[in-house]
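Student: Give me the fold of what follows.
(one chain, ligands or ions: 1)
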Amino acid sequence: MNNLRQQFPILSQKINGQPLVYFDNAATAQKPQAVLDAINDFYTKYNSNVHRSFNPLGEKATQLYEEARQKVAQFINAKSAPEIIFTSGTTESINLVAQAWGQRNLKKGDRVVISIAEHHSNFVPWLQLKEEVGIEIDVIPLSNDYKLDIKKARTLLQQNNVKLLAITGCSNVLGEITNLQPLLDEARERGIVTLVDAAQLIAHEKIDVQKLGCDFLAFSGHKLFGPTGIGVLYARKELLEQMPAWQGGGEMIQEVHQDSFTVNELPHRFEAGTPNIAGAVGLGAAIDFVMENFDIIKKREQELTEYFLEKINQLDFIKLVGGQESKNRAPVFSFTIDGVHPHDAADILGERGIILRAGHHCAQPLHESLSLEATLRASLSFYNTTEEIDKFFKELTLVYKKFQ
Ligand SMILES: Cc1ncc(COP(=O)(O)O)c(C=O)c1O
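Tutor: Okay, the predicted model is just below:
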């Protein structure tokens with residue numbers, strides 16, 4: 001374990017003389033040396049544009065970029081690499097679906113089912129289509145244990161005109177991992193297209209898109225120990241083939257004439273312009289890292305989750321916003337503190353080297369549904385330690401006492 005933590009150079013620094021305690025992994029995870037090296041190597045040895053450059057450097061860059069695509073395909077068990085579209089992140093991936101698939105396939109009165117636990121990036125693109133096209137949005141609520149209300153979800157999916165289920169695989173606030181399979185199965189039986197927002201899930205669970213049977217799946221590289229600015233949209237080939245190109249420009253075309261153009265083959269049709277080549281290479285290195293260490297990552301996260309829950313339950317001035325079960329949960333914990341505003345706590349703890357997040361975490365509808373304005377969120381990764389958790393709760397108790 002220590003060996004793995006040591007592969008993350010940023011974690012050994014101090015902030016204001018205090019060792020860094022990085023508890024903001026749901027916002028973005030830190031990067032191992034292998035990812036930093038892959039990006040550095042790309043720019044120092046192979047930097048060139050892809051696909052159009054018929055020279056040794058361009059060919060190498062293309063090879064590395066396409067190898068990264070293969071790695072992603074293998075990582076999530078897609079049937080083929082052309083089902084992997086590189087985007088700038090989850091947000092762009094979902095917007096691509098909303099625009100390229102949604103604009104063509106959804107009409108006034110059609111229904112899109114989402115959940116109350118969605119991040120804004122799986123809320124707003126559908127609200128935009130509501131404004132532009134007149135679709136209806138149904139929202140699956142939470143049950144008392146902070147899990148999605150599956151019974152209600154089923155009822156919503158059984159309505160007429162439901163065309164899409166777009167749902168998070170893991171809440172970035174509650175840490176709850178969605179029991180996706182029954183929902184996706186129900187949707188598929190009814191001919192409803194499905195999209196999974198795997199922005200959080202991807203770092204915590206093995207994902208098999210063929211087993212899940214989802215049509216689209218979106219994630220970002222930076223939450224998976226990869227670089228920012230690179231993400232993935234997985235889409236079933238049959239759907240991609242029917243979707244019009246999203247953005248126009250270089251790379252996505254086969255031929256352009258004064259008054260017409262023809263589109264490129266998959267997946268390039270959906271990757272207009274020069275892509276984030278170094279980002280894709282860095283993501284490939286991150287995937288290698290995760291695949292090599294998955295069992296340790298999983299075991300460590302489970303231990304940290306159990307430890308964190310045990311500690312938080314000993315403090316009666318803290319209210320956890322999320323389930324108590326340590327299974328089927330990511331180490332993402334949001335909570336409120338009696339008499340202390342989350343922003344004040346985050347500020348003070350930040351000064352002491354403990355980095356966490358305060359606010360609605362881009363999940364304002366969820367906070368509103370729980371009658372909360374803001375929460376404090378500690379989101380851990382496998383490289384965190386029980387000593388860091390102890391320090392965090394000790395400092396948090398001091399903050400609480402200061403405000404009483
Ligand atoms: C569940 C979820 N979906 C989507 C996103 C958006 O990801 P990005 O900002 O990388 O596009 C996030 C980011 O926090 C998230 O947690």
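
Student: going forward, measure contacts and count neighbours with C-alpha atoms only.
Tutor: Noted.

Student: which other helices and strands contact the one helix or strand Ala61 maps to?
Tutor: Assigned by DSSP states H and E, Ala61 belongs to helix 56-75. Here helix 56-75 touches strand 84-87, helix 277-312, going by 3 or more Cα pairs under 8 Å, 6 or more residues apart in numbering; DSSP states H and E.

Student: how near is Pro125 to Leu396?
Tutor: Distance of Pro125 to Leu396, computed by Cα to Cα, to the nearest Å: 37 Å.

Student: Just want the angle from the helix holding Ala61 to helix 277-312.
Tutor: Put simply, helix 56-75 runs at 30 degrees to helix 277-312, going by axes from the mean of the first three to the mean of the last three Cα atoms, to 10 degrees.

Student: Show me which positions of helix 56-75 end up buried.
Tutor: 57-62, 64-73, 75 (16 or more other Cα atoms under 10 Å).

Student: CA atoms of that helix as CSV?
Tutor: Extracted in CSV, the C-alpha atoms of helix 56-75 (Å, rounded to 0.1, in the frame of the first residue of the first chain):
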residue,chain,number,x,y,z
PRO,A,56,7.3,8.8,-38.3
LEU,A,57,6.2,11.1,-35.5
GLY,A,58,2.7,11.4,-36.6
GLU,A,59,2.4,7.7,-37.0
LYS,A,60,3.7,7.1,-33.5
ALA,A,61,1.3,9.7,-32.1
THR,A,62,-1.6,8.0,-33.9
GLN,A,63,-0.5,4.6,-32.7
LEU,A,64,-0.3,5.8,-29.0
TYR,A,65,-3.7,7.6,-29.3
GLU,A,66,-5.4,4.5,-30.8
GLU,A,67,-3.7,2.2,-28.3
ALA,A,68,-5.3,4.3,-25.6
ARG,A,69,-8.7,3.8,-27.2
GLN,A,70,-8.1,0.1,-27.2
LYS,A,71,-7.2,0.2,-23.5
VAL,A,72,-10.4,2.0,-22.7
ALA,A,73,-12.4,-0.5,-24.7
GLN,A,74,-10.8,-3.4,-22.9
PHE,A,75,-11.2,-1.7,-19.5
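
Student: ok, Thr262 - how many residues close by?
Tutor: As a burial measure, Thr262 scores 12 neighbours (other Cα atoms under 10 Å).

Student: same question for the host helix or strand of it, mean pLDDT?
Tutor: Secondary structure assigned from DSSP H and E places Thr262 in strand 260-263. Across strand 260-263, the average pLDDT comes to 93.

Student: List the contacts of that strand.
Tutor: Outside strand 260-263, the residues that touch it by Cα atoms under 8 Å, 6 or more residues apart in numbering are 245, 252-256, 269.

Student: Rebuild those as JSON lines, extending it with secondary structure.
Tutor: Shown next, in JSON lines, are the contacts of strand 260-263 (DSSP: H, G, I helix; E, B strand; the rest coil):
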{"residue": "Ala245", "secondary structure": "coil"}
{"residue": "Met252", "secondary structure": "coil"}
{"residue": "Ile253", "secondary structure": "strand"}
{"residue": "Gln254", "secondary structure": "strand"}
{"residue": "Glu255", "secondary structure": "strand"}
{"residue": "Val256", "secondary structure": "strand"}
{"residue": "Arg269", "secondary structure": "helix"}
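
Student: Buried residues of stretch 191-211, list them for me.
Tutor: Buried, per 16+ other Cα under 10 Å, within stretch 191-211: 192-205, 207, 209.

Student: Kindly report the residues of the chain close to the ligand.
Tutor: Residues of the chain lying close to the ligand by Cα under 6 Å from any ligand atom are 27, 89-91, 119, 121, 168, 171-172, 197, 199-200, 220.

Student: Show me where the stretch 51-200 of the chain has its strands.
Tutor: 84-87, 111-115, 136-140, 162-168, 193-197 (DSSP state E, counting those that start in this stretch).

Student: What strands flank the first one, and is each parallel or antiparallel?
Tutor: On the basis of DSSP bridges, the sheet neighbours of strand 84-87 come out as strand 231-235 (antiparallel).

Student: quick check: mean pLDDT across the strand it pairs with?
Tutor: Here the average pLDDT along strand 231-235 is 98.

Student: between it and strand 193-197, how many degrees?
Tutor: 160 degrees.

Student: Columns distance to His361 on top of the helices and strands packed on helix 56-75, output as a markdown table?
Tutor: Converted to a markdown table, the helices and strands packed on helix 56-75 look like this (distance: least, Cα to Cα, whole Å):
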| stretch | distance to His361 |
| --- | --- |
| strand 84-87 | 22 |
| helix 277-312 | 20 |
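
Student: wait, which of those is closest to Ile137?
Tutor: Closest approach to Ile137 among the helices and strands packed on helix 56-75 (Cα to Cα): strand 84-87, 25.3 Å.

Student: what's the closest one in contact with?
Tutor: 69, 72-73, 78, 93, 229-235, 267-268, 270-271, 275, 280.

Student: where does the stretch 1-150 of the chain have low pLDDT?
Tutor: 1-2 (pLDDT under 70).

Student: The same query, at a cut-off of 50, please.
Tutor: Residues of the stretch 1-150 of the chain meeting the criterion pLDDT under 50: 1.

Student: which one in this protein is furthest away from the centre?
Tutor: Using Cα atoms, centre = their mean, the residue of the chain lying farthest from its centre is Gln258. It sits 40.6 Å away.

Student: Can you report how many residues lie near Asn144?
Tutor: Count around Asn144 with other Cα under 10 Å applied: 10.

Student: So what does it look like in phi/psi?
Tutor: phi -60, psi -30 (degrees, to the nearest 10).

Student: partners of the strand holding Thr262 in the sheet?
Tutor: strand 253-257 (antiparallel).

Student: In the strand it pairs with, which residues are buried?
Tutor: Buried residues in strand 253-257 (16+ other Cα under 10 Å): Ile253.

Student: got the CA positions of it in PDB?
Tutor: Backbone C-alpha positions of strand 253-257 (Å, rounded to 0.1, in the frame of the first residue of the first chain) are rendered in PDB as follows:
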ATOM      1  CA  ILE A 253     -15.000  14.300 -42.400                       C
ATOM      2  CA  GLN A 254     -14.100  12.100 -45.300                       C
ATOM      3  CA  GLU A 255     -14.500  14.700 -48.000                       C
ATOM      4  CA  VAL A 256     -15.500  18.300 -48.100                       C
ATOM      5  CA  HIS A 257     -16.600  20.200 -51.200                       C
END
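
Student: pLDDT of it, averaged?
Tutor: pLDDT averaged over strand 253-257 gives 93.
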